[in-house]
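let's see this in three dimensions:
(chains A and B)
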Number of protein chains: 2
Amino acid sequence: VNAPGLGGSIESLRASARLQDRVIRTPLMRSSVLDNLSNGRILIKPECLQIGGSFKYRGALNKLLGLDSEMQRRPIASRQVVAYSSGNHGIATAFAAERLSWKATVVMPTDAPEMKIMMVKEAGGRVEFYDRSLDDRVAKTREISARLKAPIVPSFDDLDIIAGQSTAVLEMIQDARAQGIELDDLLLPCGGGGLLAGAVLAAEAMSSNARIHAIEPVGFDDMGRSLISGRRECNVRRAGSICDALLIDRPGEITFPIIAGRVQGGVAVNDVDVAHAIRFAFRDLKVVVEPGGVVALAAILSGTMRCSNRNVGVVLSGGNVDGGLYGSIVASSESCPGIHEVQSDSV
Amino acid sequence: VNAPGLGGSIESLRASARLQDRVIRTPLMRSSVLDNLSNGRILIKPECLQIGGSFKYRGALNKLLGLDSEMQRRPIASRQVVAYSSGNHGIATAFAAERLSWKATVVMPTDAPEMKIMMVKEAGGRVEFYDRSLDDRVAKTREISARLKAPIVPSFDDLDIIAGQSTAVLEMIQDARAQGIELDDLLLPCGGGGLLAGAVLAAEAMSSNARIHAIEPVGFDDMGRSLISGRRECNVRRAGSICDALLIDRPGEITFPIIAGRVQGGVAVNDVDVAHAIRFAFRDLKVVVEPGGVVALAAILSGTMRCSNRNVGVVLSGGNVDGGLYGSIVASSESCPGIHEVQSDSV
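A predicted model of the protein is given here:
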């Protein structure tokens, strides 16, 4: 391993050693159909198959393992953490806590998807609800944290979280090289930037020169705009895309400086392209991907991201989607633009 | 490796060496939810993630590689194979042929699912239709085979096919051992018995004493009944289950003798349990599984197969399911018996 340019790349390797055998080393998938369509070599990392259904488990577990020596000094019933999240980070924290026989409390909005609430509970997590219009979720989380002496597990703006997420990209680069492939591009879904910042650390740690791209929903391209302006831009809207996992106000305070110097730029995809990519993953990959998790694949299938003669790594970042929404998307496959139309449009 | 009791176990190891790096080594998945529910250790092999969406690719590619030296002597345009299948075997043969730059013709009924026809075509396969009520598909296949000088690729009753399928179970046993787990039971979906016979060879090759169970749809339990009577029993019905991949007339001539002396017995599951298991795989594993591919998981979730304190290997054998059917099954998840009801009923 070369000497890393950033101290963070050491954190990435440390997280990798720590998480080995504790997370699923998700496979690198290929699809000859996708390669033919894009005229590139596409390597897909389905993190929807990760414990808890998203890459977020890596960061959460890495954070919790960092707290372990302190927790071991407490009585078992006092080993507690708290997170606020309406989605994948809450589920991930609950599963990570279950793994260590700790207790997790997840502060969720009353209107969180029923399925996501159910998954937190399945993992033995305790759910505390707040009303979006009445309550301050940060204040509520801090109150619970103080009362239970339970450390807060941040959703992305934290170096242990970022280092944990980086292991997904580290594995991609390693497993591609094991097949003799050097990745030219990395396409990553982007919300607060935890995965993207992790990718920067992983690329540093592996001395990879891959171009890194932030993929966002149209109308929520705060990262893409921030990369142009050089400062943390905000989204105007708070809702209005099916990509619920990616609707964050603006890039993180810790993630953005890591990302800014290294990431190529942003690409935005619309909900129609997202639905099409969900159907592609259903039919040709057989993995369940949620709207926010599939944006990088959507960027390829829509022709927005050109991959001709390039080796492209794509992360499918999560699969926690409501059965009603997912069912209506895949059931409409026959009547919607199929892959052959895409082929004639974009290749 | 111990000296195998059957010559076939050598074929299994040979297929494994031949297919290595040519098939996806699908991961072994775990679910803490499933382990808690069943009070066992359940290791899941999602072969729906295999190339072509089912384990059938292993057998088809192994068969084609066995024909390779002969094909190399032909001009490229004459490298052709033919298969008859309404589903996964046809898709697998088309993808295996594409891999070798050969041409595959798949003889399919006019009423085959649109999605399965599309997947054969996506892999560059040529589809020849026959009418179930008018045409003899075997005669038609033989005619095409003779005309094109294209060898027929059988769907299960062939030692190269069986040896190819065995590699799925070989990998399971190996990857479980790498985690320090010795499998006590293997639960396998059963149609003609190709995967089941392959499991017998794999268990021999690996000196595993795992009990092997054939899982079938209720009303199509020909293998279970054959294992009791000792001879190849037929199914009375030809249709009437959503598990289309498993509706075979009776056990194979070559598969059955391999299976008969070694397989524990059969277990049958109904379509309601199958739909429930599809929803479980959607929500907790994020893999798309077709009805016939999920029966082994259904046997656990329904409580039909007890797994208490046992290490149980389960194959999810395929995921080629129509979007309309799949969508309606997963969309109904909220209103159907959830996992917590199953828990209180069966544990």
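
nearest residue to the middle of chain A?
For chain A, the residue sitting closest to the mean C-alpha position, by C-alpha atoms, centre = their mean, is A:Ser317 at 4.3 Å.

these two touch, right, it and A:Leu297?
No: taking contacts as C-beta atoms under 8 Å, A:Ser317 lies outside contact range of A:Leu297: 10.4 Å. The way it works is simple: take the backbone N, C-alpha and C, and place the C-beta from them, glycine included.

which ones are touching the spatially closest residue to A:Ser32 that is not a sequence neighbour?
In this structure, A:Ser32 finds its nearest non-sequential neighbour in B:Glu98, 6.3 Å apart by C-beta to C-beta, 6 or more residues apart in numbering or on different chains. Going by C-beta atoms under 8 Å, 6 or more residues apart in numbering or on different chains, B:Glu98 touches A:Ser32, B:Ala104, B:Ala123, B:Gly124, B:Gly125.

quick check: the gap between the residue nearest to the centre of chain A and chain B.
Plainly put, A:Ser317 is 12 Å away from chain B if you go by C-beta to the nearest C-beta, to the nearest Å.

thinking again about what came up before, element containing the residue nearest to A:Ser32?
Element membership for B:Glu98, per DSSP states H and E: helix B:88-99.

buried ones in that helix, by neighbour count?
Of the residues in helix B:88-99, B:Asn88, B:His89, B:Gly90, B:Ile91, B:Ala92, B:Thr93, B:Ala94, B:Phe95, B:Ala96, B:Ala97, B:Glu98, B:Arg99 count as buried by neighbour count, 16 or more other C-beta atoms under 10 Å in any protein chain shown.

again, but for stretch A:201-218
For stretch A:201-218, by 16+ other C-beta under 10 Å, it's A:201-206, A:208, A:210-218.

pick the one among those closest to B:Lys116.
Nearest to B:Lys116, judged by C-beta to C-beta, of the buried residues of stretch A:201-218 is A:Ile215 at 31.5 Å.

now the residue in the stretch 1-150 of chain A that chain B sits nearest to, nearest residue through space, not along the chain?
Nearest to chain B in the stretch 1-150 of chain A, going by C-beta to the nearest C-beta, is A:Cys48, at a distance of 4.3 Å. Counting by C-beta to C-beta, 6+ apart, A:Cys48 lies nearest to A:Gly319, which is 3.0 Å off, once chain neighbours are set aside.

re earlier: residues in contact with the residue nearest to the centre of chain A?
A:Glu47, A:Cys48, A:Ser54, A:Phe55, A:Leu188, A:Pro189, A:Leu195, A:Ala245, A:Gly292, A:Gly293, A:Ala296.

do A:Ile44 as well
Per C-beta under 8 Å, 6+ apart, neighbours of A:Ile44: A:Leu28, A:Met29, A:Arg30, A:Ser31, A:Leu34, A:Leu285, A:Leu297, A:Val314, A:Leu316.

torsion angles phi and psi at it?
Dihedral pair for A:Ile44: phi -110, psi 130, per degrees, to the nearest 10.

let me know the pLDDT of it.
As predicted, A:Ile44 sits at a pLDDT of 98.
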